[in-house]
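1. Turn this into a structure:
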Amino acid sequence: MGTWFSYMWWGGDPDVVNPVSGLTRREIHAVQKSWAPVNANSFATGSELLRRLFNTYPDTKEYFKMVRKLPEEEYSQNPQFKAHVINLMTSLNLAVNNLNQPEIVAAMMTKLGESHRKRQIKEKNFHELKEVIVKLFIDVLRLDDATLSAWGKTVEFWYKHIFVTLNSPEETR
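-> Numbering: from 1, shown residues only. Below is the predicted model:
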C-alpha cells in the first residue's frame with residue numbers, strides 16, 4: 001500500500017526525472033514548499049535581493065537607470081524600482097508555481113532572455129544573480145542540501161532557456 005499511496009500522493013513516481021526540466025516531482029515539491037515563505041512578503045524579499053546584488057556586484061546597478069545614482073536607502077521610494085521588484089518576484093513566482101508544466105516555464109524563460117538581451121544584460125549578470133539568490137536562501141531559509149540542490153537544478157533549467165535567446169544574435173531570430 002505504501003507504494004500505491006506514494007504514487008497517488010505524488011501523481012506518479014516522485015523520483016522520475018522530467019526530461020524537459022531535469023527535475024523530479026519530489027524536487028519540484030521541495031522548491032515550491034521552500035518558495036512559499038520567500039513569496040509571503042515578495043516586495044521585501046525582492047528588494048533585499050536587488051540590494052544584495054547591487055552591493056555584491058556594483059556594476060550591475062548600471063543596468064537599472066532608476067536607481068543608478070540613488071543611495072540604497074532611497075530605492076524603495078522609487079516607483080520604477082518598486083515596479084521592477086514586483087515584476088521580478090511575479091516572474092519568479094510564476095516560474096516556481098508552474099514547474100509541473102515545464103514547457104510553459106521554458107517559454108516564459110525564453111521571453112525573459114529576449115527582453116534582457118534587448119537591454120544588453122549578459123550571461124555573467126545572471127550567474128551573479130544566482131550567486132546572490134543562493135546566498136540569500138542559505139542565510140534566510142537555511143535550506144537543507146537536497147532542497148538547495150533542487151533549487152540549483154531549477155535555476156539551471158531556467159537559465160538554459162533564458163540563455164538561448166539572451167545569447168542569440170537578433171537577426172537570427
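2. what packs against the longest helix anywhere in the chain?
-> The helix of greatest length in the chain, counted in residues with DSSP state H as the criterion, is given as helix 145-166. Packing partners of helix 145-166 (3 or more Cβ pairs under 8 Å, 6 or more residues apart in numbering; DSSP states H and E): helix 25-40, helix 102-118, helix 123-141. The way it works is simple: take the backbone N, C-alpha and C, and place the C-beta from them, glycine included.
3. which stretch among these comes nearest D59?
-> For D59, the closest of these is helix 123-141, at 8.7 Å, according to Cβ to Cβ.
4. which helices and strands does the closest one pack with?
-> Applying 3+ Cβ pairs under 8 Å, 6+ apart, one finds that helix 123-141 makes contact with helix 25-40, helix 42-56, helix 145-166.
5. Which of the ones you listed sits closest to A95?
-> Shortest separation from A95 across the helices and strands packed on helix 123-141 is recorded for helix 145-166, at 6.2 Å, computed as Cβ to Cβ.
6. neighbouring contacts of the closest one?
-> Here helix 145-166 makes contact (Cβ atoms under 8 Å, 6 or more residues apart in numbering) with 21-23, 26-28, 30-31, 34, 95-96, 99, 102, 105-107, 109-114, 116-117, 121-123, 126, 130, 133-134, 137-138, 143, 173.
7. same question, stretch 61-77
-> Stretch 61-77 is contacted by residues 47, 50-51, 54-55, 78, 80-82, 84, 119-121, 125 when judged by Cβ under 8 Å, 6+ apart.
8. Mean confidence (pLDDT) on it, please.
-> When pLDDT is averaged over stretch 61-77, the result is 92.
9. Show the contacting residues for V105.
-> If you count contacts by Cβ under 8 Å, 6+ apart, V105 has them with S21, A95, N98, L99, F157, W158, H161.
10. Adding pLDDT, distance to F64 and neighbour count as columns, could you present the residues you listed in CSV?
-> Supplementary listing: these in CSV, determined by pLDDT from 0 to 100; distance: Cβ to Cβ, whole Å; neighbours: other Cβ atoms under 10 Å:
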residue, pLDDT, distance to F64, neighbour count
S21, 97, 30, 23
A95, 98, 21, 21
N98, 98, 27, 15
L99, 98, 28, 23
F157, 97, 26, 21
W158, 97, 20, 24
H161, 97, 23, 21
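11. Per-residue pLDDT of Y7, please?
-> Confidence per residue is given as pLDDT, and for Y7 that number is 58.
12. same deal with F163?
-> 96.
13. Put together CSV for the helices and strands packed on helix 145-166, with distance to L148 and mean pLDDT on each row.
-> Output for the helices and strands packed on helix 145-166, formatted as CSV (distance: least, Cβ to Cβ, whole Å; pLDDT from 0 to 100):
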stretch, distance to L148, mean pLDDT
helix 25-40, 9, 95
helix 102-118, 20, 96
helix 123-141, 7, 91
